[in-house]
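Engineer: Sequence isn't available, so here's the structure alone:
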């Protein structure tokens, strides 16, 4: 599972760098400043969670069962949260109105919050166990 987590983390990080460059260069002339800021929020959160997965995949303090749960929460959270933000920020560039799927953004955010909550609880358990 660690390999899968680390590969996914690396891909999410790589994609966030590519999308960040795309957003700041290619999209600059095509979308509003507000939409650019929204797009950048998606990139930033994707990178934060790529780094979280790098940590999860490289630590021995988290049990494999918990790592699996965290992996799926973060992966689907990033897809729903950042993915929907990318689509909403570039909504004016397509004929499809992505505002109709805007409800998935908070679902993705909730999955990301849950992943951090699990990391927090797991950390407390480790600290308590070692004291």
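Structural biologist: Yes, it's here. Because the structure is a prediction, the values reported are computed rather than measured.
Engineer: State the distance from residue 5 to residue 126.
Structural biologist: 18 Å (CB to CB, to the nearest Å). Backbone N, C-alpha and C define where each C-beta goes, glycine included.
Engineer: Can you tell me the SS state at residue 30?
Structural biologist: coil (DSSP: H, G, I helix; E, B strand; the rest coil).
Engineer: Show me which residues of the strand or helix carrying residue 5 are buried.
Structural biologist: Per DSSP states H and E, residue 5 falls inside helix 2-25. By neighbour count on 16 or more other CB atoms under 10 Å, the buried set for helix 2-25 is 5, 8, 9, 12, 13, 15, 16, 19, 20, 23.
Engineer: Likewise for stretch 83-96?
Structural biologist: Buried, per 16+ other CB under 10 Å, within stretch 83-96: 83, 84, 85, 86, 87, 88, 89, 90, 91.
Engineer: Nearest to residue 42 among the buried residues of helix 2-25?
Structural biologist: The closest of the buried residues of helix 2-25 to residue 42 turns out to be residue 19 (CB to CB; 7.6 Å).
Engineer: Tell me who's in contact with that closest one.
Structural biologist: 39, 42, 43, 46, 86 (CB atoms under 8 Å, 6 or more residues apart in numbering).
Engineer: Would you quantify the distance from it to residue 56?
Structural biologist: Applying CB to CB, the value for residue 19 to residue 56 is 22 Å.
Engineer: ok, now residue 103?
Structural biologist: 28 Å.
Engineer: What of residue 4?
Structural biologist: Here the criterion is CB to CB. By it, residue 4 lies 11 Å from residue 56.
Engineer: pLDDT score for residue 40?
Structural biologist: On pLDDT, residue 40 comes in at 95.
Engineer: Isn't it up against residue 20?
Structural biologist: Yes: because the distance of 7.2 Å satisfies CB atoms under 8 Å, residue 40 is recorded as touching residue 20.
Engineer: ok, and the closest non-adjacent residue to residue 57?
Structural biologist: Excluding the flanking residues, the one nearest residue 57 by CB to CB, 6 or more residues apart in numbering is residue 5, at 3.3 Å.
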